[in-house]
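[1] I'll drop the sequence and a predicted model, then ask my questions.
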Amino acid sequence: MSQVINVVILIDPIRCKKCGLCQAFCPQKVYTLAKDGTPLVTSPEKCTNCRLCDLRCPDFAITLEVLT
Amino acid sequence: MAEKTWQIVLAGTGGQGLVLGGVTLAKAAVLEGKNAVQTQTYGIQSRGGYSQSEVIISDEDIYFPKCDRPDLVLALSQQGYDRYRGIVSDECIILYDQDTVKNNNRLHDIGYPFSAKIMDLGNEKAINSLFLGSVLKLCPVVAKKSLAKVLENSLPAKILVVNLKALDLGYEEIS
Amino acid sequence: MQGNEACVYGALDAGARFYGGYPITPSSEIAELSAELLPQFDGVFLQMEDEIGSIATIIGASAAGKKSYTATSGPGFSLMQENLGMAIYAEVPIVLINIQRNGPSTALATRPAQGDVMQARWGTHGDHPIIVLCPDSVQECYDLTIRAFNLAEKYRIPVILLGDEVIGHMRESLTIPELDKLEIINRKMPSEPVEGFKPYKTEQDDIPAIPPYGTEYIVHISSSCHDESGYSHNAPQTADNLVRRLHRKIENNKADIVQVEWFGPIDAEVSIIALGVVSRSAKQAVIDAQKKGLSVNLLRLITQWPFADDEVREVLKKAKAVIVPELNLGQAVQEVERLNSFNTPVYSLSRIDGEIITPTQIAEKIEEALYKCQRDFTKSI
Amino acid sequence: MSARLYQEYLENGKLPHMWCPGCGDGIILRAYTEALAELDLAPKDVVSVTGIGCWGKADDYLSTQAFHGTHGRALAFATGIKLGNPDLTVVTLMGDGDAVTIGGNHFIHAARRNIDLTAIVANNYNYGMTGGQYSATTPLDSKTTTSRKGTAEPGFDVCLLAEAAGANFIARTTTYHVGALKNLIKEAITHKGFSLVEVISPCTTYFGRFNGQPSTLSMFNLLKDKAIPIQKYREMSVQEQEKYFAIGTLIKRERPDFYTTYRRINSGSETAGRKE
């Protein structure tokens, strides 16, 4: 029985330098990368709010908001 | 004596209390309301290298801080004697330690067995009081009692006695 | 009391409570006495690993609000140069006491010199202002150390007290005034609101009011090119504005900063311009010359940098000859020559053997100068 | 839980920062600000002291009190700041150049004195800002722009150096291990005395590219594989250990810091007055 939480993932396009770390190390495969390397949130429903992408983003570009 | 500016050089080896001797003399002068400047020249060795202390005492302002026309040079080492023998005036007294310095028979050379006498007194560290006594006898730059007062103010009781004795001895035995 | 010791009493009375340094002859007595006395005033003495760290740590302590100082000599002064520039650029007040010794390199470690006249002015890289004070007595070691702190705090700039081995080790009487008779200047504090505060913002006087760390204000101190906020800012105009302002705050206040002493008759045929210990030889030479009926005076530069341009020009304009005796191969004399638009003969008198220039040497130079004046005059008629 | 957010410690208007894509510096800065927030330290009570280099630019993005000094001297400045006002939390942010190459002398002495401050050393094994030259941590035989055929010098182990010098708290982690990074920084700041957190951080532009790690991701994977928790690392044979490096809290000591010792030794002397 997993608890479903709704997380809104915001990526600041000005800050993001497209390093791909968020996508590479997301345990839930929430992200995919566009051809130019831009991270896209393609499976937001899988997000468990572990915040690893946020903490690992070198560019302060990711914000996670949990909706209650 | 009032207008006289005295220049005293204490030359010898590091560890002989030359700087302390100079400071003591300068303090005695200040105690009498005179102006005094003390400087030193030393090498990189703390013990055993050439060392000298210079004191100027005057009732007037003292500008040049070094002794360019000494009235007396105390030479406790051969190097000290040799350094000054050729450059001082004929009137300048060179007071040398006849135990360690070979003198050159200048007119105003005065020898005294500082090394032997201090051994007799039994405290090598009192040598500066001994030579200050002799210096004062030859150059009355300050009163002996002023100097004794400085010693009383700065020395612990147990070594004060021997220092005062050395001061008196140095004073009495020089002529 | 010794000159070096007098510096410590001056620093304490000025309110200094932090010393960071590395021992070096002939300045070490300053470290020793500071180590003994600072804890008595709740201050801190720290013996650092080298002179680079020494100046860095006092800059840090000053930024945290403690009046801070260090003491060194030639080789150590060389090691401090980079961070001296840092303190100038970041406007952190410190006092640096340099007891000059014979050089270059290790040279005669126990002998006096004035070889750092130009190192004190231009030792750190880049264009920069500096204040350098030059004591000539034990009393002035005390007085000028206090003044050094006052100027450092007032203008937010490192101030160098440039002594030498003779002044540092010389013993003379010292009169220490009552604390309440002393003028002590502390750095100004901002009155702006905390929100949006810019530490490097200045008013007409070009001096920023940077509070120490630990207040409600957020302070960014930077060795890199920075704007009023203290944050890095690399625009050409920012770089230009900053360095020009640093110069202005000193140049526009020379009347307050520059101190000289006149000795001897107001007008004289021969004038001596001297610094520090050599001015004592010069004073004796002036007195000796007077006794011989010669007309000689002395201009002593108590403030060595910024240079006393106006006073030196006045001397050059009035005197028939000017003598600049110094314990180097002619550093201050270059500045005198720079100002000599009057074609006045300027004589350099140098000594670099670790001994100080004697009154006799200056007297000989005076006679040489007077003879040449006489000869030129005779030739002209 | 603190009500503070990491954003409070950032000059948000200065972002995006100047670091290359995938550079570990941003990750360390993120962890540092997060740690400050969780420790509930007000920005005015924290002084971030930086040196020169890529990581030395960190103060540009911080809203704490800051001191941006000269290359290699951050710890000497920080020592003065801490002793000038012991109530401040002082954290130095240094690269491997600042900390143990040009500033190596200050590093060992700050650790030896046990000054109560924290050093966060971003170790990327080379000088990134000046174009990828070797530093004192560059491993033997690494290719850099001043050692095209490989370095002839072995590199320092930053943590061992601090341990020998006497630091109170010593930890190592990487920019991959972001949770541990934040927690170790928090622990370092709260531990009294000299605290070191060495963060192995990839230089994706120079060091990785020259040494067989062409991408950010390959470098992060390498960090993930090479970093072994200290307990497990200790169980390895010496031969095995050589292939890996240990992460976690390596040393924790309770030696009294310099200022505490200095005040204790000099206690009672405050009563003396001014000499007349």
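    Perfect, thanks for sending it. Numbers count the residues shown, from 1 in each chain, chains lettered A, B, ... in the order given.

[2] so where do the helices sit in the chain?
    I'll assume chain A. In chain A, the segments counted as helices under DSSP state H are A:21-24, A:52-56.

[3] Not quite, go with chain D.
    D:24-38, D:74-84, D:96, D:104-113, D:158-165, D:178-190, D:207-210, D:216-226, D:230-235, D:238-241, D:258-265.

[4] Quick check, pLDDT for the residue of chain D found nearest chain A.
    In chain D, the residue that lies nearest chain A is residue D:26 (2.9 Å; C-beta to the nearest C-beta). (Glycine included, C-beta is placed from N, CA and C.) pLDDT, residue D:26: 97.

[5] What count of nearby residues applies to it?
    As a burial measure, residue D:26 scores 30 neighbours (other C-beta atoms under 10 Å in any protein chain shown).

[6] how close does the nearest residue to it once chain neighbours are set aside get to residue C:167?
    In this structure, residue D:26 finds its nearest non-sequential neighbour in residue A:58, 2.9 Å apart by C-beta to C-beta, 6 or more residues apart in numbering or on different chains. In this structure, residue A:58 and residue C:167 are 56 Å apart, going by C-beta to C-beta, to the nearest Å.

[7] quick one, which of those two is more surrounded?
    Per other C-beta under 10 Å, whichever of residue A:58 and residue C:167 has more neighbours is residue C:167, with 31 against 28.

[8] and the more buried one, what element?
    helix C:165-169 (DSSP states H and E).

[9] Which positions within that helix qualify as buried?
    C:165-169 (16 or more other C-beta atoms under 10 Å in any protein chain shown).

[10] Show me what it is packed up against.
    The contact analysis (3 or more C-beta pairs under 8 Å, 6 or more residues apart in numbering or on different chains; DSSP states H and E) places helix C:165-169 against strand B:35-42, helix C:3-14, helix C:28-37, strand C:95-100, helix C:138-155, helix C:276-291.

[11] What's the first helix or strand after that helix?
    strand C:220-222.

[12] Do me a favour and average the pLDDT over that following strand.
    Rounded mean pLDDT across strand C:220-222 is 98.

[13] So what's the gap between it and the chain middle?
    Offset of strand C:220-222 from its chain centre (C-alpha atoms, centre = their mean, to the nearest Å): 25 Å.

[14] if we can go back for a sec, report the contact partners of the residue nearest to residue D:26.
    A:17, A:19, A:21, D:19, D:21-27, D:30, D:175 (C-beta atoms under 8 Å, 6 or more residues apart in numbering or on different chains).

[15] Swap in 7 Å and give it another go.
    Neighbour list for residue A:58: A:19, D:19, D:22-24, D:26-27 [criterion: C-beta atoms under 7 Å, 6 or more residues apart in numbering or on different chains].

[16] Equivalent analysis for residue A:47, please.
    A:7, A:9, A:28, A:30.

[17] Among those residues, the buried ones, what's the PyMOL command?
    Filtering those down to the buried ones (16+ other C-beta under 10 Å) takes a single PyMOL command:
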select buried, chain A and resi 7+9+30
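
[18] I'd guessed residue C:356 sits against residue B:64; true?
    No: if you go by C-beta atoms under 7 Å, residue C:356 and residue B:64 don't touch, sitting 8.2 Å apart.

[19] Overlap of the contact sets of these two?
    residue C:281.

[20] What separates the first and last residues of stretch B:58-69, distance-wise?
    Stretch B:58-69 has its terminal residues 14 Å apart, counting by C-alpha to C-alpha, to the nearest Å.

[21] So what touches that stretch?
    B:2-3, B:5, B:7, B:9, B:34-35, B:37, B:39, B:54, B:56, B:89, C:166, C:170, C:280-281, C:283-284, C:356, C:358-360.

[22] and residue B:148, helix, strand or coil?
    Under DSSP: H, G, I helix; E, B strand; the rest coil, residue B:148 falls in the helix class.

[23] With respect to residue B:174, which of the helices of chain D lies nearest?
    Residue B:174 lies closest to helix D:258-265 among the helices of chain D, at 48.7 Å (C-beta to C-beta).

[24] same question for that closest one, mean pLDDT?
    96.

[25] Going by neighbour count, which residues of that helix are buried?
    Result for helix D:258-265 [16+ other C-beta under 10 Å]: buried residues D:258-259, D:262.

[26] and if you look at stretch C:223-242?
    Neighbour-count burial for stretch C:223-242 [16+ other C-beta under 10 Å]: C:223-233, C:242.

[27] again, but for stretch C:126-135
    In stretch C:126-135, counting by 16+ other C-beta under 10 Å, buried: C:128-135.

[28] Could you pull up the residues touching the residue of the stretch 251-381 of chain C found nearest chain D?
    Residue of the stretch 251-381 of chain C nearest chain D, by C-beta to the nearest C-beta: residue C:305 (22.4 Å). By C-beta under 7 Å, 6+ apart, the contact set of residue C:305 is C:120-121, C:130-132.

[29] Give me the pLDDT for residue 29.
    Answering for chain A, as no chain was given. Here the pLDDT value assigned to residue A:29 is 96.

[30] meant chain C, my bad for not saying
    The model's pLDDT for residue C:29 equals 97.

[31] from memory it sits against residue C:3, does it?
    No: contact criterion C-beta under 7 Å: residue C:29 and residue C:3 do not qualify, at 8.8 Å.

[32] Between the two, which is the more surrounded one?
    residue C:3 (31 against 20).

[33] So the more buried one versus residue C:137, what's the distance?
    8 Å.

[34] Likewise for residue D:225?
    Using C-beta to C-beta, we find residue D:225 at a distance of 71 Å from residue C:137.

[35] Between these two, tell me which one has more neighbours.
    Of the pair residue D:225 and residue C:137, residue C:137 is the one with more neighbours under other C-beta under 10 Å, namely 24 against 11.

[36] Quick check: phi and psi on that one?
    Per-residue torsions, residue C:137: phi -160, psi 170 (degrees, to the nearest 10).

[37] Would you state the strands of chain B in chain order?
    B:6-13, B:35-42, B:50-58, B:72-75, B:93-97, B:109-112 (DSSP state E).

[38] Residue C:8: which of those strands is closest?
    Nearest of these (C-beta to C-beta): strand B:35-42, 18.2 Å.

[39] what's the angle between that closest one and helix C:138-155?
    80 degrees (axes from the mean of the first three to the mean of the last three C-alpha atoms, to 10 degrees).

[40] where's strand B:35-42 relative to the chain centroid, distance-wise?
    Using C-alpha atoms, centre = their mean, the offset of strand B:35-42 from its chain centre is 12 Å.

[41] which other residues reach it?
    B:14, B:19, B:22-23, B:26, B:29-30, B:51-58, B:60-62, B:65-66, C:110, C:166, C:169-172.

[42] Buried ones only from these, please, as a PyMOL command.
    Listed next is the PyMOL selection for buried residues among the contacts of strand B:35-42, using 16+ other C-beta under 10 Å:
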select buried, (chain B and resi 14+19+22+23+26+29+30+51+52+53+54+55+56+57+58+62+65+66) or (chain C and resi 110+166+169+170+171+172)
